[in-house]
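# sequence and predicted structure, then a few things I'm wondering about:
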Amino acid sequence: MKLSCLQENLNRGLNLVGRAAATRTTLPITNNILLATDQGRLRLTATNLELAISCWLGAKIEMDGAITVPARLLTEFIGSLPNDKVAINLSPKTKTLELKCARFEARISGVDAKDFPPIPKIEDGIITKVEVEALRQGIGQVVFAAAADESRPVLTGVSAEFDGDLLTLAAADGFRLAVYKLPLAGSVSEKNTAIIPARTLTELNRLAADQEEAIEMTVNAAKSQILFRLKDIELVSQLVQGAFPQYAQLIPKSYNTRTVVDVAQFLMAAKTASIFARDGSGIVRLVMTPGEDATPGKLTVSARSDEIGDDVGEIDAIVQGEEAKIAFNSKYLIDALSAIPESQVALEVTNSSSPGVLRPMGTDNYVHIIMPMFVQWD
């Protein structure tokens, strides 16, 4: 293998794929990045066996070839070089990769490319497309609600339901639920569901940051893997096996109190209260008070700790229905409000022991449910 490419492009490519490389593994070669010539371009690939990312770069290819080298070492070295042309030369006998850029050069011992795990080819199954911005917003509004705990594997993923020209993303961890609906650019012939690991969608969101073209998605016929195809980038992931909970029944159909409030003010009050909530089991208390006559209603956000003290914040709000009280885990409330791009949100409450429902104003494609905390109300 003999080629040259720009340091800027190589550095970007290594950073794009490098996060898929394994860190702790029983298969050492998955700590490596595969460099291979591919139809006149340089292909970089990394995998941890659950997730694989490939990226294609423009390069001047003089001789074809392939090698794998340690991901972290190569990424750090290329990242430290000046913005100049990088000459790459592989010695087939010694499996040593020689790198030269300006007045810097290095030799890195590699491992034969044929030992690198094969990346699955996914060409059949459910194939559709989705606009980048819609998908990125959808991921941003649900992925944080997936469980980090592996005790229930299906909850570490995001349910993706393909139905006609609609994609519904849902994530839950047993304490909260986020559901986001977005249009597909290409409709599917039959209804299907796949559970995509939350980490995969987080990586996809990062990879799609500079993309403009629609992202192509393919779920294989066995529903065991999914491929996301972007411009010059492909991400292949294992799917989570199992049945995702029937979450539709968890969304309350009615409420006794509905409070419409400014998202930024609500978020500020929640963050302020969370400082005092740290020593009080993370509990933030909300009281919704309807207005009387010409006065507006208000939302009171408070927290208290027996050891350090308490805090109370008030926000003007439009409150429909009766006065209501509910308590939430401060982190869950802050996570949900931080994900809402709209300027106003409605909080719907039935009583202090029923789930609270957050719905952004001006759109009907997102709903966020938070289970209440049980507290003694004075």
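On my side now, so go ahead.
# so where's the chain uncertain?
Along the chain, segments meeting pLDDT under 70 span 280.
# can you check which strand is longest in it?
strand 309-321 (DSSP state E).
# contact partners of that strand?
With Cβ atoms under 8 Å, 6 or more residues apart in numbering as the contact definition, strand 309-321 has outside contacts at 255-262, 265-266, 268-269, 272-273, 275-276, 288-291, 296-304. Every residue, glycine included, has its C-beta placed from N, CA and C.
# if any of the residues you listed are buried, put those into a ChimeraX selection.
Command for ChimeraX, covering only those of the contacts of strand 309-321 found buried under the criterion 16 or more other Cβ atoms under 10 Å:
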select :255,257,258,259,260,261,262,265,266,269,272,273,276,288,289,290,297,298,299,300,301,302,303,304
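# show me the contacts of strand 309-321 that map onto strands.
Using DSSP E, those in strands are 257-262, 288-289, 297-304.
# what's the closest of the residues you listed to residue 345?
residue 261 (6.4 Å; Cβ to Cβ).
# tell me what the closest residue to the closest one other than its chain neighbours is bridged to.
Once flanking residues are discounted, residue 261 sits nearest to residue 317: 4.3 Å by Cβ to Cβ, 6 or more residues apart in numbering. In this entry, residue 317 is beta-bridged to residue 297, by DSSP bridges.
# and residue 317, how close does it get to residue 363?
19 Å (Cβ to Cβ, to the nearest Å).
# ok, the two, which is more surrounded?
Between residue 317 and residue 363, residue 317 has the larger neighbour count (other Cβ atoms under 10 Å), namely 25 against 12.
# tell me how far residue 361 lies from residue 369.
From residue 361 to residue 369 the distance is 17 Å (Cβ to Cβ).
# between those two, which has more neighbouring residues?
residue 369 (22 against 15).
# any idea which element that one lies in?
strand 366-370 (DSSP states H and E).
# which residue ranges of this structure form helices?
7-18, 71-79, 132-142, 198-207, 263-277, 330-338 (DSSP state H).
# counting by contacts, list what the fourth one packs against.
If I follow you right, that is helix 198-207. strand 51-58, helix 132-142, strand 157-163, strand 225-230, strand 233-238 (3 or more Cβ pairs under 8 Å, 6 or more residues apart in numbering; DSSP states H and E).
# now those in a markdown table, with distance to residue 209?
Output for the helices and strands packed on helix 198-207, formatted as a markdown table (distance: least, Cβ to Cβ, whole Å):
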| stretch | distance to residue 209 |
| --- | --- |
| strand 51-58 | 14 |
| helix 132-142 | 8 |
| strand 157-163 | 19 |
| strand 225-230 | 10 |
| strand 233-238 | 11 |
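# and these as TSV, adding distance to residue 246 and mean neighbour count?
Shown next, in TSV, are the helices and strands packed on helix 198-207 (distance: least, Cβ to Cβ, whole Å; neighbours: other Cβ atoms under 10 Å):
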stretch	distance to residue 246	mean neighbour count
strand 51-58	28	21
helix 132-142	17	21
strand 157-163	10	22
strand 225-230	22	21
strand 233-238	24	22
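# quick check: residue 353 vs residue 185, distance?
Residue 353 is 42 Å from residue 185, by Cβ to Cβ.
# typo on my end, it should be residue 160
Counting by Cβ to Cβ - residue 160 and residue 185 are separated by 15 Å.
# hang on, the earlier thing: now tabulate the helices of the chain in JSON lines and tack on distance to residue 377.
Output for these, formatted as JSON lines (distance: least, Cβ to Cβ, whole Å):
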{"stretch": "helix 7-18", "distance to residue 377": "51"}
{"stretch": "helix 71-79", "distance to residue 377": "53"}
{"stretch": "helix 132-142", "distance to residue 377": "31"}
{"stretch": "helix 198-207", "distance to residue 377": "35"}
{"stretch": "helix 263-277", "distance to residue 377": "16"}
{"stretch": "helix 330-338", "distance to residue 377": "17"}
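# for these, which one sits closest to residue 47?
Among the helices of the chain, helix 7-18 sits nearest to residue 47 (Cβ to Cβ), with 9.0 Å.
# can you give me the distance of the residue lying closest to residue 242 once chain neighbours are set aside to residue 243?
For residue 242, ignoring the flanking residues on the chain, the nearest one in space by Cβ to Cβ, 6+ apart is residue 154 at 4.0 Å. Note on residue 154: its distance to residue 243, by Cβ to Cβ, is 7 Å.
# my guess is residue 281 contacts residue 331. True?
No - contact criterion Cβ atoms under 8 Å: residue 281 and residue 331 do not qualify, at 11.4 Å.
# more neighbours, those two?
Legend: neighbour count by other Cβ under 10 Å for residue 281 and residue 331, higher for residue 331 (16 against 13).
# contact partners for the more buried one?
By Cβ under 8 Å, 6+ apart, the residues touching residue 331 are 274, 282.
# wait, isn't residue 374 in contact with residue 353?
Yes - using Cβ under 8 Å, residue 374 makes contact with residue 353 at a distance of 6.9 Å.
# that older thread, contacting residues around the residue nearest to residue 242?
By Cβ under 8 Å, 6+ apart, the neighbours of residue 154 are 195, 240, 242, 243, 244, 245.
# can you list the neighbours in contact with stretch 133-146?
So stretch 133-146 is contacted by 155-158, 167, 169-173, 176-180, 182-183, 198, 201-202, 204-205, 208-209, 215, 335, 339-341, 366, 368 (Cβ under 8 Å, 6+ apart).
# many thanks, we can stop here.
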